[in-house]
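In: Test case, fold it:
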Amino acid sequence: MNNYFTKDYIGEAFIFLGSHHLVVLTLLLFIYVALFFWRVSLNKIPLATHIETTKRRFRYGLAFVLLVNEMTWHAWNYFNGIWTVQTMLPLHLCSVLVFLSAVMLITKNRILYEVDYFLGIGGALQAILTPDLGIYGFPHLRFFQVFISHGGIVLAALYMTVIEKYRPNWYSLLRVLCIITIYALIVGVINAWLGSNYLFIAHKPETPSLIDILAPHPWYIFELAGIALFTFFILYLPFAIKDWGKI
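Out: Presented below is the predicted three-dimensional model:
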């Protein structure tokens, strides 16, 4: 049993699009699609107070799962002696989004929703499709932690969109673009101070990643910004088409 929690895991390494990966992708897809059916069933509940109670329990429950899962990840690193300020501060995009998603679910803050919709879905979805798990295949703790974390971020954004009926607009896109630009500048200063590589803007990550196919440092940062902007437009496209249809 301890092998599933150890740093030096000797079980099967993670296999990209292997059977375990495909099962998780299928399960997450099922959960995301189920939101649309849940929205229909909520409309059949006779009392509005019961609807709000049901939605509040879901929001608080998902926020709790996200926070406990993130704390478990920090505890695992600490007890294995690998927690450092250079690698484990919650400054990487998805680490920040775990906490922002939890606060958004509890407060229903619209600006946090915009951030979670564009950055959460765009960033976490990539991590779900191409997770950096290395030797930590199923059923190691790290395997579950990665998919719960990133899958939960996407679920939070989709929940607020499908169930709470929030939606982004053009101003949302511009706001999030400004927010991530300012945040990247702040993290750049922190990296220079700590000698860290949060957001992978100090240099390319040591482990293989999609960043490897981009230009050398620092030019790949601008390419990443372009990819982010393109992703934002893709995520906004369904709403843009809907708005154009009303003209």
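
In: drop to CA atoms for contacts and neighbour counts, all remaining ones
Out: Noted.

In: For the longest helix seen in the chain, list every residue counted as buried.
Out: The longest helix of the chain (DSSP state H) is helix 48-79. Using 16 or more other Cα atoms under 10 Å as the test for burial, helix 48-79 gives 55, 59-60, 62-63, 66-67, 69-70, 73-74, 76.

In: Equivalent analysis for stretch 174-194, please.
Out: Going by 16+ other Cα under 10 Å, stretch 174-194 has these buried residues: 176-177, 180, 184, 187-188, 190-191.

In: Same check on stretch 27-35?
Out: Applying a neighbour-count criterion of 16+ other Cα under 10 Å, the buried positions in stretch 27-35 are 28, 32, 35.

In: possible to save the residues you listed as a markdown table with distance to Leu235?
Out: Formatted as a markdown table, the buried residues of stretch 27-35 follow (distance: Cα to Cα, whole Å):
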| residue | distance to Leu235 |
| --- | --- |
| Leu28 | 18 |
| Tyr32 | 15 |
| Leu35 | 18 |
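
In: In helices, which of those residues fall?
Out: Filtering the buried residues of stretch 27-35 for helices - DSSP H - leaves 28, 32, 35.

In: Now pLDDT and distance to Leu125 too, for the residues you listed, in JSON lines please.
Out: Formatted as JSON lines, these follow (pLDDT from 0 to 100; distance: Cα to Cα, whole Å):
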{"residue": "Leu28", "pLDDT": "97", "distance to Leu125": "11"}
{"residue": "Tyr32", "pLDDT": "96", "distance to Leu125": "12"}
{"residue": "Leu35", "pLDDT": "94", "distance to Leu125": "17"}
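
In: which one of those residues sits closest to Val85?
Out: When those are ranked by distance to Val85 (Cα to Cα), Leu28 comes first, at 31.8 Å.

In: quick one, what contacts the closest residue to that closest one other than its chain neighbours?
Out: Counting by Cα to Cα, 6 or more residues apart in numbering, Leu28 lies nearest to Gly151, which is 6.9 Å off, once chain neighbours are set aside. Gly151 is in contact with 28, 124-125, 128, counting by Cα atoms under 8 Å, 6 or more residues apart in numbering.
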